[in-house]
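Trainee: What follows is a predicted protein model with its sequence.
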Amino acid sequence: MADEKLGSVSGPILANQETIATNNCAKFRVNRIIKYIISVGLLLFFLHRWLFPLAPHYTLFSGASPHTYSCIRDQYAWAIDAFAPKNPTTIPNSASAIVTSRKYATKPHLAGSDGDLLTAKYFLELLQHELSIPKSIGDPIYPAGSEASRNATLSITNLTEPTAWIDVYYPVLNTPLDRSLEILGDDGNAVWKAQLEEIGDELDSDAYTYAESVGAWHGLSRDGEAEGRLIYANYGRKSDYDELVRKGVDFTGAIVLVRYGGVFRGLKVKGAQELGAAGVLIYSDPRDDGTVTEKNGYAPYPHGPARNPTSVQRGSVQFLSIYPGDPTTPGYPSYENSTRTNGSNIPNIPSLPISWANAKVLLEEIEGKNRPVKLANHVDTKVTPIWNPIGVIPGHIKDEVVLVGNHRDAWVLGAVDPSSGTVSVHELVRGLGALLREGWKPLRTIVIASWDAEEYGLIGSTEWGEDFAEWIQKHVVAYINLDSSVSGSRFGAAASPLLAHFIRKTAKDLPHPTDPKRTLWDATADIGQLFGEHDNVESLSTEIETQATVDSVGVRPLGSGSDYTVFLQRLGVASMDTGGFTSTRSDPVYHYHSVYDSERWQEVYADPGFVKHVAVAKNLGLQTLRLASALVLPFNTTHYAFELENYLDKVQGLAAAHSTAVNLTPLRASIKSLQFASLKLDAEKFAAERVLKRILRKWRKRHNRGLKRKGSCLKRFIRRLKGLFTADIHELYMSELTPANSRAPAWIQEQLEKKGEDRGEHGLNDDDKAKVEDRKWPQLPLPHGPKLPHHPHWPHRKPHHLPYKFIEAVKAVRKINQKLASFEGGFIHEEGIKDREWYRHLGVAPGKWLGYGATTLPALTEAITIENNVTLANYEVNRLKEAVDKIAATLRA
């Protein structure tokens with residue numbers, strides 16, 4: 001009876017178990033299919049989107065032949081070998097460069113003008129066309145501070161497709177009205193009146209047409225009139241003024257005449273203002289033109305290469321070393337409704353730029369009667385819109401950004417400054433667009449900006465930098481600046497020491513524009529071929545002083561005078577002025593900021609054939625692609641650390657010369673410690689990159705084998721699917737789950753990783769790895785069924801550790817890149833530099849009385865050389881020591 005009851009009960013139970021087993025089996029089979037499809041899909045997606053771009057599929061931005069430059073094997077740059085060098089469609093190419101130059105440089109485009117807006121739209125259209133960005137109804141032009149403008153930049157790290165827009169800022173600018181310069185007779189009437197505007201010549205049709213379109217004046221100069229006797233103050237450097245004061249010269253109420261050169265023009269005005277002068281006149285002196293002068297038999301432009309005597313150098317007289325950007329919004333962006341200050345970085349006395357033709361008359365007057373001079377400078381000052389076009393190419397690593405910038409505005413035509421640089425950036429965009437159309441995607445995000453109002457005082461870049469300071473410091477790993485590409489024969493570059501070796505290597509990997517036997521870097525020794533006598537000692541000494549700042553690699557430190565300023569010296573982003581061809585003493589005279597900075601001068605004298613424009617474009621392209629695609633950022637912290645010691649040696653010499661008893665020993669010890677930490681990091685980054693590359697090579701090798709077998713993978717996939725559908729139900733249902741198919745190891749690994757993140761660590765430590773990899777996991781049979789032998793189609797197998805190793809390798813590289821990217825920012829101090837707190841970089845800044853030129857360890861150096869204050873100097877030593885110690889600790893972490 002009991003057996004009958006047992007049998008009657010067990011029958012339905014077994015039937016029910018079979019039904020459950022069948023249902024579970026179907027679910028299991030479906031889940032297996034879904035997992036398999038997802039796995040294959042993810043693998044294909046990964047191979048296409050991540051591994052393929054790491055292969056050197058693309059060649060661009062180089063004219064080198066594979067044979068000549070076979071030694072160049074940078075597998076993470078797509079810019080070494082050329083599209084065929086003799087192919088006229090090579091990107092970049094001279095024909096395209098000339099067309100672009102003629103488009104930008106044949107009409108005036110002063111910041112804030114209609115011509116300026118037109119060039120902004122040109123650049124936006126370039127980005128949209130080359131990067132295949134769909135055009136919307138109406139141009140994407142956003143007022144700064146608006147939701148659209150804020151979202152455009154802040155969403156860069158979330159983008160999946162290229163995009164472009166224009167940000168509009170609203171700084172205070174001025175434009176010229178009535179101006180005059182007169183020598184007064186005894187009765188107070190004018191006995192001589194200067195011709196302040198440049199005189200055009202029909203031989204240069206553009207210069208002739210637009211000679212008076214933009215008056216000869218100083219940007220951001222003070223509106224007003226001044227009358228007084230003339231004082232000649234040479235270059236208007238601090239040392240020049242100090243020497244005259246020592247000689248008993250009284251500047252009160254005087255009109256100071258100075259020549260361009262030596263220091264930024266605004267500081268010439270500042271020096272005179274502080275001595276009580278009433279006004280300043282600045283002229284271009286042929287003594288600074290080297291050998292190419294009328295005295296040596298060269299005809300003046302446009303009939304020859306010498307200076308046109310009526311040419312005038314315009315330019316801003318902002319006090320650049322105090323702070324750049326909109327004078328009325330220091331430290332914060334210029335929105336249309338921004339609260340504004342009066343500005344403490346602009347003059348209180350009027351000034352005018354004048355030609356050599358006018359300066360000769362005044363110099364003769366000083367030597368003769370030295371009658372009173374009267375100047376008038378009336379300007380229209382108002383809030384003016386400016387336009388920054390910005391384009392984005394999203395990378396695989398979205399939160400690491402390489403920023404490239406060139407300013408677009410010019411004082412008049414600007415064929416050299418800035419249009420030669422704009423031409424090279426134009427070719428860069430064309431090249432990147434060609435790569436995108438081939439399916440390429442950068443490892444890091446690339447952002448390209450066309451800054452506006454640089455000429456007034458780096459305004460477009462500074463306002464954007466102040467607007468998005470937090471985002472920039474978090475995401476921008478490097479800033480590449482290009483101002484002018486070509487004005488002469490000699491190639492040169494300036495950068496943070498982090499990027500000095502990078503700049504040199506890139507230039508060495510590219511051919512010289514005119515001599516295939518040499519490299520681009522060899523052009524750093526080139527000179528012009530127009531010779532003659534030149535015996536001006538002061539001019540030569542200025543050149544020698546500039547060359548003395550070049551480091552052991554051949555790269556100058558960054559002072560100011562271009563758009564890298566806000567990124568390096570306020571935000572702590574590693575920056576470089578990528579390099580261009582500049583004028584030497586034996587080159588045709590470059591008419592800087594003159595109407596004669598024209599397309600004709602560029603095509604006839606500076607760069608016939610535009611081969612140098614193309615060389616700079618190749619260099620810029622290679623730099624951009626290497627920074628955007630290197631697994632480990634190409635930053636040399638060790639070079640930086642040893643340069644710091646060189647900087648300190650200079651300070652020690654200055655302290656001795658000024659009899660300042662400052663204790664530099666603690667700082668020197670900290671720098672030594674940083675050097676050791678950096679050397680250790682060098683070994684770590686080499687090892688980490690090697691491991692990751694090895695893993696990638698293995699994956700690529702497996703993928704290539706699969707491609708050779710062509711359809712075999714697909715056939716196996718179909719057979720596997722068929723097997724899933726035809727597998728015996730009982731065998732499939734009864735099979736136990738092995739660790740390879742279980743979520744347990746993965747779940748525990750995730751928890752351990754989460755635990756590591758909570759501890760502030762990067763990834764699992766060795767003990768954690770052992771817990772995941774070595775633990776003997778129990779067999780996990782399915783419920784509701786007996787444990788049967790394992791089905792032969794799903795044998796026990798060792799877990800596949802390659803993805804885990806890959807993740808760990810990526811984490812190691814990521815950690816190193818974070819250290820490298822934060823290195824420059826370690827010198828940023830919120831208190832800034834004394835008397836010019838906008839500048840926050842304790843390692844380098846524009847000299848207080850230099851403007852353009854760099855002063856290394858600026859706060860400490862100026863505490864000795866300007867303040868002569870031992871207490872302040874020791875305070876600056878402590879600030880530097882703390883910064884260096886923190887940087888070293890970060891490298892060791």
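Mentor: Alright, I've got the coordinates. Everything numeric in this text was worked out from a predicted model, so none of it was measured.

Trainee: who touches the nearest residue to residue 583 once chain neighbours are set aside in this structure?
Mentor: Of all residues not flanking residue 583 in the chain, residue 488 sits nearest, at 3.2 Å (CB to CB, 6 or more residues apart in numbering). Every residue, glycine included, has its C-beta placed from N, CA and C. Applying CB atoms under 8 Å, 6 or more residues apart in numbering to residue 488 gives the contacts 528, 581-584, 587-588, 590, 606.

Trainee: host element of residue 488?
Mentor: Secondary structure assignment for residue 488, by DSSP states H and E: no helix or strand.

Trainee: In strands, which of the contacts of residue 488 fall?
Mentor: 581-582 (DSSP state E).

Trainee: which one among the contacts of residue 488 gets closest to residue 844?
Mentor: Nearest to residue 844 among the contacts of residue 488 is residue 582, at 20.6 Å by CB to CB.

Trainee: residues near that closest one, how many?
Mentor: Counted with other CB atoms under 10 Å, the neighbours of residue 582 add up to 17.

Trainee: One more: residue 830?
Mentor: Residue 830: 6 neighbours (other CB under 10 Å).

Trainee: list the contacts for residue 563?
Mentor: Per CB under 8 Å, 6+ apart, neighbours of residue 563: 405-407, 451, 454, 458, 460-462, 481, 483.

Trainee: again, only this time at 7 Å
Mentor: By CB atoms under 7 Å, 6 or more residues apart in numbering, the residues touching residue 563 are 405, 407, 451, 454, 458, 461, 481.

Trainee: wait, isn't the first one in contact with residue 460?
Mentor: It stands for residue 405. No: counting by CB atoms under 7 Å, residue 405 stays clear of residue 460, with 9.0 Å between them.

Trainee: helices and strands around the helix or strand containing residue 823, which ones?
Mentor: Assigned by DSSP H and E, residue 823 belongs to helix 802-823. Packing partners of helix 802-823 (3 or more CB pairs under 7 Å, 6 or more residues apart in numbering; DSSP states H and E): helix 637-657, helix 665-708, helix 870-892.

Trainee: Would you tell me which of these gets closest to residue 421?
Mentor: helix 637-657 (26.5 Å).

Trainee: Tell me what angle the closest one forms with helix 802-823.
Mentor: Orientation of helix 637-657 against helix 802-823 (axes from the mean of the first three to the mean of the last three CA atoms, to 10 degrees) gives an angle of 20 degrees.

Trainee: re earlier: make a markdown table out of the contacts of residue 563 and add secondary structure, pLDDT and distance to residue 494.
Mentor: Formatted as a markdown table, these follow (DSSP: H, G, I helix; E, B strand; the rest coil; pLDDT from 0 to 100; distance: CB to CB, whole Å):
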| residue | secondary structure | pLDDT | distance to residue 494 |
| --- | --- | --- | --- |
| 405 | strand | 98 | 15 |
| 407 | strand | 98 | 16 |
| 451 | strand | 99 | 17 |
| 454 | helix | 98 | 16 |
| 458 | coil | 98 | 15 |
| 461 | helix | 99 | 16 |
| 481 | strand | 98 | 9 |
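
Trainee: With residue 538 as the reference, measure out to the residue nearest to residue 583.
Mentor: Distance, residue 488 to residue 538, using CB to CB, to the nearest Å: 20 Å.

Trainee: repeat for residue 834
Mentor: To residue 538, residue 834 is 30 Å away according to CB to CB.

Trainee: between these two, who's got more neighbours?
Mentor: Between residue 834 and residue 538, residue 834 has the larger neighbour count (other CB under 10 Å), namely 18 against 15.

Trainee: got the contact list for that one?
Mentor: Going by CB under 7 Å, 6+ apart, residue 834 touches residue 859.

Trainee: any idea how far residue 869 is from it?
Mentor: Computed as CB to CB, the residue 834 to residue 869 distance reads 9 Å.

Trainee: Residue 206: which element?
Mentor: Here residue 206 sits within helix 205-209, counting by DSSP H and E.

Trainee: Quickly run through the sheet partners of the helix or strand following that helix, with directions.
Mentor: Toward the C-terminus, helix 205-209 is succeeded by strand 218-219 as the next helix or strand (DSSP H and E). Paired strands of strand 218-219, with direction, are strand 315-316 (parallel) (DSSP bridges).

Trainee: what's the spacing between residue 811 and residue 688?
Mentor: With CB to CB as the criterion, residue 811 and residue 688 are 9 Å apart.

Trainee: For these two, indicate the residue with more neighbours.
Mentor: Per other CB under 10 Å, whichever of residue 811 and residue 688 has more neighbours is residue 688, with 22 against 18.

Trainee: Done for today, thanks.
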